[in-house]
Every structure is written in structure tokens, then in C-alpha cells.
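Mind folding the following:
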Amino acid sequence: MHPASPAPERILVVDDEPDIVALVAYHLAKAGFRVATASSGQEALELARRERPSLIVLDLMLPGLSGFDVLEQLRADEQTREVAVLMLTARREEPDRIRGLSLGADDYLTKPFSPAELVLRVQAILRRTGSAAPAGSADTVGIGPLLIDRGAMRVTVDGHAVELTPTEFKLLLTLAERRGRVQGRGHLLETVWEAAPDIQTRTVDMHVQRLRTKLGAAGDLIETVRGFGYRLRANAPRG
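Below you'll find the predicted structure:
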């Protein structure tokens with residue numbers, strides 16, 4: 001008997017334009033994903049809680065609840081806060097992208113977009129969120145009050161769990177594995193975001209800012225190196 005193949009990951013596509021939903025769903029299904037769809041923010045939230053998708057492709061311009069509202073509620077709900085989110089937006093203005101990233105989106109894509117690129121972005125996000133620990137490395141990384149469990153994708157500060165999005169976890173783990181060494185924004189984009197073509201260095205800054213806030217006192221472990229990037233302290237500062 002052949003071993004059972006792993007079940008394909010489920011993607012939820014949320015958009016109120018039927019043509020776009022059909023196009024995206026077709027290409028994702030062709031790439032081997034199971035696809036569910038929703039045409040409103042409320043429907044998206046209900047499906048996300050019930051289906052527990054691996055990733056949500058989320059349009060920002062939705063009737064009723066906007067994509068921003070949906071994203072905020074996803075991140076506030078214990079059942080859905082760790083679901084990866086790829087934003088779709090017709091808005092190219094930086095404030096809209098920054099708002100989405102600051103609310104916890106993992107990536108964004110502007111309309112009109114190539115369906116092939118969208119599939120690649122989805123695959124890249126899922127590789128990040130499902131990344132295994134390097135061979136031979138310890139399962140946990142501890143720095144002062146901060147403890148990172150690679151296998152469980154869990155972070156605690158002074159024993160208290162910190163809820164991070166998949167991208168925030170990958171960013172923190174990347175800094176922790178190279179602690180004491182400066183990581184340039186470009187290098188972080190390449191490592192964490194896999195250098196998506198229109199992702200900008202501002203994306204790194206927004207995620208670091210959000211990460212520091214979530215880590216509380218341990219956020220001070222992440223140092224800004226002006227003109228270069230960021231560094232995680234090798235040791236916790238003494239009080």
C-alpha cells in the first residue's frame with residue numbers, strides 16, 4: 001500500500017467580484033489547493049472560524065465589513081489569529097498597504113494582478129508558515145525572558161504566550177537565529193518575505209514595530225541599527 005498523501009491545504013478566497021473569485025479559485029485549485037470562497041466580510045469570518053483555512057486571500061474593498069475590518073477581527077479571534085492573510089487591493093497608496101501590514105497581513109498584492117504571481121505568493125507564505133527548524137538545531141531559542149519554540153511555533157515572554165502571525169514568527173525566529181548580528185532590511189525581505197517584487201523595506205519596519213509591541217518588555221531586545229537594519233541582542237540587558 002502507498003502511504004496516504006497529506007491533505008491539500010485549504011485556501012479561502014474573499015472578494016465580491018465573481019469573475020475575480022472564479023479566476024483565483026481556478027488557479028489555486030489547479031495548483032493543488034482546496035478552495036473555499038466568500039463574497040462578503042461576514043461570510044469570510046464565519047467560514048474562517050468553521051473551516052480553519054491555512055491562508056485567506058482577502059480583498060480590501062468588500063461590502064459591509066471592509067477587508068481591514070475582517071483582518072482586524074481575524075487577528076482578535078483566538079480561533080483565527082494565526083491564519084495567514086494575503087491582501088488584495090486596488091489601492092496602490094502606501095498608507096493602505098501600511099495599514100494592512102500593521103493589522104497583521106502577511107503580504108499584499110495590488111490589482112490588476114497575475115494569477116500565476118498570486119499562486120506563487122500563496123505558496124511562498126505557506127512555505128514561511130510551515131518552515132521547519134534547521135537540521136541539528138535545538139527546538140527552542142531563549143534570550144532573557146524571551147523563549148521561541150520552533151516546533152510548536154510558540155513564543156513566550158516571562159512564561160506568558162505571545163500571539164504572533166506566521167510572518168511575525170518567521171521574522172523573530174530569523175533575528176533570533178542570527179542574534180548579535182545586524183540583519184539588513186534587504187536581507188530580511190529576502191529571507192522572511194522571499195523578496196516579493198513589490199514588497200518594500202517599509203514592510204520590515206512595520207512588522208518590527210508590531211513585533212516589539214507584542215513582545216512588551218522583551219521588545220527592547222530588538223535593536224535598530226540606523227542605516228542598516230535590525231539586530232536581536234545576544235543577551236538580555238541587565239536591569
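
domain ranges for the protein?
Following the assignment in automatic domain parsing, the chain carries domains at 10-129, 140-232.

Output the ones you listed in a markdown table, with mean neighbour count appended to each entry.
For the C-beta atoms, the positions are set from N, CA and C on the backbone; glycine is no exception. As requested, the domains of the chain are exported to a markdown table (neighbours: other Cβ atoms under 10 Å):
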| stretch | mean neighbour count |
| --- | --- |
| domain 10-129 | 18 |
| domain 140-232 | 17 |
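
Which of the helices and strands in the chain ranks last by mean pLDDT?
None of the helices or strands of the chain scores lower by mean pLDDT, DSSP states H and E than helix 94-102, at a mean of 74.

From Gly67, how far off is the residue lying closest to Phe113 once chain neighbours are set aside?
What sits nearest to Phe113 in space, not counting adjacent residues and going by Cβ to Cβ, 6 or more residues apart in numbering, is Leu88, at 7.2 Å. When distance is defined by Cβ to Cβ, to the nearest Å, Leu88 is 8 Å away from Gly67.

shared neighbours, these two?
58-60 (Cβ atoms under 8 Å, 6 or more residues apart in numbering).

So which of those residues belong to helices?
With helices defined by DSSP state H, no entry of the shared contacts of Leu88 and Gly67 lies inside them.

Cross the residues you listed against strands and list the overlap.
58-59 (DSSP state E).

least confident pick among the shared contacts of Leu88 and Gly67?
Of all the shared contacts of Leu88 and Gly67, Leu60 has the smallest pLDDT value, namely 89.

From what I see, that one and Arg91 are in contact.
Yes - using Cβ atoms under 8 Å as the test, Leu60 is close enough to Arg91 to be in contact (7.0 Å).

rewinding a little: residues in contact with the residue nearest to Phe113?
15, 20, 57-60, 67, 108-111, 113.

for Ala25, same thing?
Contacts of Ala25 (Cβ under 8 Å, 6+ apart): 13, 35, 37.

separation between Arg127 and Thr224?
Here Arg127 is placed at a distance of 28 Å from Thr224 (Cβ to Cβ).

Do you have the strands of the chain handy? List them.
Going by DSSP E, the chain shows strands at 10-14, 34-38, 55-59, 84-89, 107-110, 140-143, 146-149, 154-157, 160-162, 183-184, 222-225, 229-232.

picking that back up, export the contacts of Leu88 as CSV, with columns for distance to Asp149.
Shown next, in CSV, are the contacts of Leu88 (distance: Cβ to Cβ, whole Å):
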residue, distance to Asp149
Asp15, 36
Ile20, 38
Val57, 29
Leu58, 28
Asp59, 34
Leu60, 33
Gly67, 31
Tyr108, 29
Leu109, 31
Thr110, 35
Lys111, 38
Phe113, 35
